[in-house]
Structure formats: structure tokens, C-alpha cells
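> Sequence and predicted model, in that order:
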Amino acid sequence: MSPSEPAFEPYRIKAVEPLGFTTRAEREAVLREAGWNLFRVPADKVLIDLLTDSGTSAMSAEMWAALMRGDESYAGARSFYALERAVRSLTGLRHVLPAHQGRAAERLLFKAAGAPGKVSLSNSHFDTTRAAAAAFGVEAVDLPVPENLDPSLAAPFKGDIDLRALEAKVRELGPRAALIVMTLTNNSAGGQPASMANLRAAREVSRHYKVPLFLDASRFAENAWFVKTRESGHAGRTPADVAREMFSYCDGAWMSAKKDAFVSIGGFLALNDDAWAAKAKEEMIGTEGFPTYGGLAGRDLEALAVGLEECLDERWLSYRIASVERFAALLRRAGVPIVEPPGGHAVFVDAGRLLKHLSVDSRPALALAAEIYLEGGVRAASFSSPGREWVRLTVPRRAYSESHLAHAAAVVAAVAARGASVRGLRAFDVPAGAGRLLATLEPEVAA
């Protein structure tokens, strides 16, 4: 790497926050009190928090300045038009509806597009997307490429949609096909990107069969960087140029801006269809507020407009992706099985491979995440689905240094070294519809 491309963080730090140091005995007590559910652990009892990259990023000086420019008018605030300009410039989409976060935008979309018996087709729906679809009678069907089924395979675009399966399913469904969703990057599949070629081909299917295509754009900037660096023909382009081409293939998009755009709260739904926009606005007034604020303060709208520009900075993205790769390399060297290649926002540990002595009923992903916290105060998230028991070590943007990540890797490595001794977890209180977030668990009794 040349001196003009440094490996260190491309920013300097202006404000700091103390970390939550605890003893192992304290963490044991915290886990018991939380029912061995890391979502219920108080944040001040966490040393390094890798639970999520949603709303956990550090904002820039310019974003903090934007907060002060916020216009708090109830209707037609100046801050809304700043966001509208930013979203239109990026996406080319006409109707811009702010929302307080991504799942709110998803509900607006499926209220407009949904009806009992309709089907949404995707490379992979995130769990909130699946829930929003189901709330309005829409079945969510995932069509990932076959490469995605092998966590050890380091293919460059494992977030692609299976185009043959997509076309076959659209033909089979006919008018029941409500929309095609491309999740960028594909979080449920290990943070894997989709290629521009795959997006373009999905768009052709969309056009031919007249099924609208939408982007879940929560991590669109990271996806754009992977296209630029991994896909032939894009190396000389800016991330912003790549992103605009990605959006050119869709009929609409939504974003949880709490990811790539750095903000603590906020998102949007953008689309071209007038009728869908009208339906979404009607729903919005009942759940989010007037269409020019959408559940957000004017200051949040202003900060989001700035974040949409900053997240496409080439030097930032280069560092961001490289730092996650270096984090993954530390885990590889320690023999920790991870999902390959690492995504842009997280490293996924394959708990099923690491804890082979635990059955699915013993919840290996939850057990590993709890043990990582117990070992060193590092909080991670479990990701379980049929055939997958993963722990997601998610890296908040601009919040932790690489020495923090090195410590987190050492903690995970220490647990992996004694993986055979990790006990499973038994659930005895799992609320319907929110088990991973609210469940109460306890360690299994050793045989």
C-alpha cells in the first residue's frame, strides 16, 4: 500500500466516550439477570459493542453542524427539501418519503404494494422486511444463488439473486408477483454484495414481466465499493457513480439510513409510481406523521442529507472494507470458522461449524454469542435460520479503532480455543414474533 493510501482511519477523533469495563463475575451476574439474552444486557455493561451497525455510528463534524440547521416546521420544512434533493440526486426517484427507520419505510411500501396472496421475491429478505410483508398478506420468498449456500466459499458476489429461479418463479406466479427486492448488501446471507451485472439482469426480468424492482439500500455504499473493486469494468469509477447506476435499475428503494448514512435515526422510501406513493403517504400520516417529516425532527433530516454524501467518500469506503477484512484475517489466523468472504459491515462466525457438539436445539449461535460476552465483554448478535447458526460481529462505522477490533478478535479466539466446553442454551420463555430479541434462556445442564 502506498503512502497515499494509508491503512489507518481517514479521520481524527473529536469526542470520546468511556467504555464499560466489567469483571467476569459482573458479566456472569449481568447475563443471569438478562436471561442470557444479549439484547437485554445494559449497554454500560458492554466493553465493545458489535451487536449491530444500526444507529451506532459516529457522526461527522459536518453532520453535527447540520443538526443545528434543522427546520422544525411541521409541514414543508426546509430540512425536508434538503433531504429530498439528496435522495433524488442519488437515486433518480421522484417521490421521497422520510421515515424514522427502515422497518417503517418497509411497512409503507408493503401497505402500498401488498395484498393477501401476493409474493415478494428477493436475493434474501431481512427479517424486518419479511415481517412487514407478512403484515400485509405478502409472502416473502428468497432466491439466493447456489454459491451462497456454502459459507466457506469465497465467491465475490454471493449476494446475487438466482436469475433462473427468479424468472421461473415470476412466470409461475403471474399477477401474484408483487415485487422483486434486491437487498444491498445481503445481510441475511452474510453481508454479501450483489453485482451490477446481476442487478441489470434482474431489471430485465422485472421489465419483461412488469414486476417492479425495489432496492433495500441500507448498505448501498458498501455494495457500490464491492462492485467497483471486484467486478470487471468498474475500477475507474467513483462509488457515487456506481451507486447511481445501481439505483437506475430500480422502480423504488428504501433505506435504513442508520447503517451506511451514519445517522442515529432515520430512513426513507423513494419511488416513482404515483399511485403507490399516494397510498404510502396515506399510511404515513397515520403511523409516521406528515409526509415532509415522517416521524423525524428537522435536524435528523438535515444530518441524513449530509450522511448520504459522506458515505460515498472513496477514502472512507476503502478504509471501511479493508478494516473489516483485517478483522476477519485475525479470526482466520486463530482458526475461527467464518463466512467467506467477509461482508462490508460485519464478520459472521459459523457457530455451527465451531460448536459441532451442540445440536440446533441447543442454539449454538446464541450460546457462542453469550460465551463471547462472558469471556471479554464483547457483545455480538446471533443469526439463526434453517441450516445456519451464525454469530454476527458487526462493526459500527467510525466508532471503534482497529485496536478495539483486535481485542474483540482475541476474545472470540479464546472462546474458540475452548469451544468444545461451551454449553448450549435452553429457552423457556419465547414471546411470539420476537423470540431472538425478547427470549429468556438458561444454560443447559452438563450431562
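That came through fine.

> Now do the longest helix belonging to the chain: which elements does it pack against?
The residue-count maximum for a helix in the chain (DSSP state H) belongs to helix 314-333. With contacts taken as 3 or more Cβ pairs under 8 Å, 6 or more residues apart in numbering; DSSP states H and E, helix 314-333 sits against helix 220-230, strand 346-350, helix 402-417. For the C-beta atoms, the positions are set from N, CA and C on the backbone; glycine is no exception.

> so which of those is the most packed in?
Counting by mean count of other Cβ atoms under 10 Å, strand 346-350 has the highest mean neighbour count of those, with a mean of 28.

> Taking helix 314-333 as reference, get the angle to it.
20 degrees (axes from the mean of the first three to the mean of the last three Cα atoms, to 10 degrees).

> Could you verify my assumption that residue 373 touches residue 27?
Yes. Residue 373 is in contact with residue 27 according to Cβ atoms under 8 Å; the separation is 6.4 Å.

> give me phi/psi at residue 60?
phi -90, psi 170 (degrees, to the nearest 10).

> gap between the residue nearest to it when sequence neighbours are not counted and residue 304?
Using Cβ to Cβ, 6 or more residues apart in numbering and skipping the chain neighbours, the partner closest in space to residue 60 is residue 310 (6.0 Å). Computed as Cβ to Cβ, to the nearest Å, the residue 310 to residue 304 distance reads 11 Å.

> shared neighbours, those two?
residue 261 (Cβ atoms under 8 Å, 6 or more residues apart in numbering).

> Determine the three-state secondary structure at residue 263.
coil (DSSP: H, G, I helix; E, B strand; the rest coil).

> And the pLDDT at it?
For residue 263, the pLDDT comes out at 97.

> Enumerate every residue touching it.
Contacts of residue 263 by Cβ under 8 Å, 6+ apart are 55, 57, 59, 63, 257, 300, 303, 304, 307.

> Show residues contacting the helix or strand hosting residue 181.
Per DSSP states H and E, residue 181 falls inside strand 177-183. If you take Cβ under 8 Å, 6+ apart as the criterion, strand 177-183 is touched by 113-115, 118-126, 129, 138, 159, 161, 166, 169-170, 194, 199, 202, 205-206, 209, 211-216, 218, 250.

> can you do 7 Å?
Here strand 177-183 makes contact (Cβ atoms under 7 Å, 6 or more residues apart in numbering) with 113-114, 118-126, 129, 138, 161, 166, 170, 194, 199, 202, 206, 211-216.

> Output the below-cut-off pLDDT ranges for the chain.
Of all residues in the chain, those with pLDDT under 70 make up the ranges 1-6, 429, 431-436, 447.

> hmm, back to that, show me which of residue 373 and residue 27 is the more surrounded one.
residue 373 (27 against 20; other Cβ atoms under 10 Å).

> State the distance from that one to residue 51.
Distance from residue 373 to residue 51, by Cβ to Cβ: 10 Å.

> now do residue 248
Residue 248 sits 34 Å away from residue 51, taking Cβ to Cβ as the criterion.

> May I have the residues that are in contact with residue 62?
Applying Cβ under 7 Å, 6+ apart to residue 62 gives the contacts residue 306.

> I meant to write residue 298 there.
Applying Cβ under 7 Å, 6+ apart, we find residue 298 in contact with 70, 71, 72, 77, 79.

> try residue 195
157, 160, 227, 231 are the contacts of residue 195 under Cβ under 7 Å, 6+ apart.

> Find the nearest non-adjacent residue to it, please.
residue 157 (4.1 Å).

> Look up phi and psi at the one you found.
According to degrees, to the nearest 10, residue 157 has phi -130, psi 60.

> Tell me if I'm right that it and residue 193 touch.
Yes. At 5.8 Å, residue 157 counts as touching residue 193 under the criterion of Cβ atoms under 7 Å.

> which of the two has more neighbours?
residue 193 (28 against 22).

> Please name the nearest non-neighbouring residue to residue 167.
Here the residue nearest residue 167, using Cβ to Cβ, 6+ apart, is residue 205, at 5.2 Å.

> what about the one you found, how many neighbours?
Residue 205 - counted by other Cβ under 10 Å - has 19 other residues nearby.

> Repeat that for residue 170.
Neighbour count for residue 170, taken as other Cβ under 10 Å: 20.

> So for residue 248 and residue 51, which sits in the more crowded spot?
residue 51 (21 against 13).

> related to what we said a few turns ago, quick one: the residue nearest to residue 60 and residue 246, what's the gap?
Look at residue 310 and residue 246: by Cβ to Cβ, they are 18 Å apart.

> follow-up on the earlier one: what's in contact with the longest helix of the chain?
For helix 314-333, the surrounding residues in contact (Cβ under 7 Å, 6+ apart) are 5, 7, 9-10, 221-222, 225, 238-239, 338, 342, 344, 347, 395, 397, 402, 405-406, 409, 412-413.

> so what's the backbone phi/psi at residue 443?
phi -60, psi 140.

> try residue 393
Dihedral angles (degrees, to the nearest 10) for residue 393: phi -100, psi 90.

> what's it in contact with, if anything?
Going by Cβ under 7 Å, 6+ apart, residue 393 touches 50, 346, 347, 349, 380, 408.

> one more time with 6 Å
50, 346, 347, 380 (Cβ atoms under 6 Å, 6 or more residues apart in numbering).

> How far does the strand holding residue 181 sit from its chain's centre?
Taking Cα atoms, centre = their mean, to the nearest Å, one finds the center of strand 177-183 at 17 Å from the center of the full chain.

> how about that strand as PDB, C-alpha atoms only?
Listed next in PDB are the C-alpha coordinates belonging to strand 177-183 (Å, rounded to 0.1, in the frame of the first residue of the first chain):
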ATOM      1  CA  ALA A 177     -45.800 -11.400  -8.100                       C
ATOM      2  CA  ALA A 178     -45.900  -8.100  -6.200                       C
ATOM      3  CA  LEU A 179     -42.300  -7.000  -6.400                       C
ATOM      4  CA  ILE A 180     -38.700  -8.100  -6.700                       C
ATOM      5  CA  VAL A 181     -36.400  -6.900  -3.800                       C
ATOM      6  CA  MET A 182     -32.600  -6.700  -4.100                       C
ATOM      7  CA  THR A 183     -31.100  -6.400  -0.600                       C
END
